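Undergrad: return a 3D structure for these sequence lines:
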Amino acid sequence: MKSAIKVLKEQINHFYLIRRLSMYELKSQNKNNYLGTAWEVLNPAIQILIYWFVFGTLRQRAPIEMEGIEIPFFSWLLAAFFLWNFFYQATILGSKSIYTRLQMLSKMNFPMSVIPSFAIFSQFFVHLFLLGITIVILQFSGFYVNVYYIQLIYYLFAALCLTFSISLITSTLSTIIRDVHMLLNAVLRMLLYLSGILWPITLLDQYPPIIMTIIKLNPLLYLVEGYRASLFGTEWYLITHWEYTLYFWAVVLVLFLFGSTLHVKFRRHFIDYL
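TA: Down below sits the predicted model:
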């Protein structure tokens, strides 16, 4: 618990630094590209168009029904895909954030727990921009801004907490064992197909309930369903599924406690892996 409190205080006390470094990180990643940071938008846009072409056109997916509302497949996919893009990119960058910066560790005068944070926030700003584009597109699709949008603030915060908690663990382990980063990359690609992003989890209703229970162990699914409930105005998901909400935050708390303990224990030895 002491480690968790220490890491939490470091994030709060250095939030201004995290914000500044995240903007610098975002620019430095694209400094050699002619289009610069525009690629942060173009890459996910191209990806979602490919998925829409394959699953929405070639496979001719029928509209998805949510709480009695029929939603075109592209709109349904759009509502969660950019969340997935943020989670994937931020987790990957957070995982390798420390060991790729080992040479600067001896010169830095801020806590090492800040490093995964600004890597994550660099993608969070992109996510906010893409979310804004999503909202505009949904207006033209007939899904207008509604009171359920208030939930988005909660789910944005929840996504940050989950991503940071995972990154505390993976950034520490990846510094010690490089293979962890490669394993994480493979696992995240698998989660794309297990998080209800490309297909509705209601398809599992015809199978034994145990399968749905196992799928719901994935905390990312909670965020995906929450995003869609907010953007399409179907329900107050965090309240109507309060048991799932409690489970999600229990998972985040356990990951954060474990990640904080692991990070504080090993960070004094990070320079030994240079």
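Undergrad: for whatever helix or strand I150 lives in, what is the distance to the chain centroid?
TA: Secondary structure from DSSP states H and E places I150 in helix 150-176. Here helix 150-176 is found 7 Å from its chain centre; the criterion is C-alpha atoms, centre = their mean, to the nearest Å.
Undergrad: following the chain onward from it, which element is next?
TA: helix 179-191.
Undergrad: now the angle from that following helix to helix 150-176?
TA: Calculated by axes from the mean of the first three to the mean of the last three C-alpha atoms, to 10 degrees, helix 179-191 forms an angle of 150 degrees with helix 150-176.
Undergrad: how about helix 179-191: buried residues?
TA: V180, H181, L184, L188, L191 (16 or more other C-beta atoms under 10 Å). Every residue, glycine included, has its C-beta placed from N, CA and C.
Undergrad: please apply the same query to stretch 133-145.
TA: T134, I135, L138, F143.
Undergrad: what's the pLDDT at the last one?
TA: Spelled out, that is F143. pLDDT for F143: 84.
Undergrad: which stretch of helix or strand covers L257?
TA: helix 242-266.
Undergrad: list the contacts of that helix.
TA: 1, 3-4, 6-8, 112-113, 158, 161-162, 164-169, 171-173, 175-176, 216, 219, 222-223, 238-239 (C-beta atoms under 8 Å, 6 or more residues apart in numbering).
Undergrad: buried subset of these as a PyMOL selection?
TA: Listed next is the PyMOL selection for buried residues among the contacts of helix 242-266, using 16+ other C-beta under 10 Å:
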select buried, resi 3+4+7+112+113+158+161+162+164+165+166+167+168+169+171+172+173+175+216+219+222+223+238
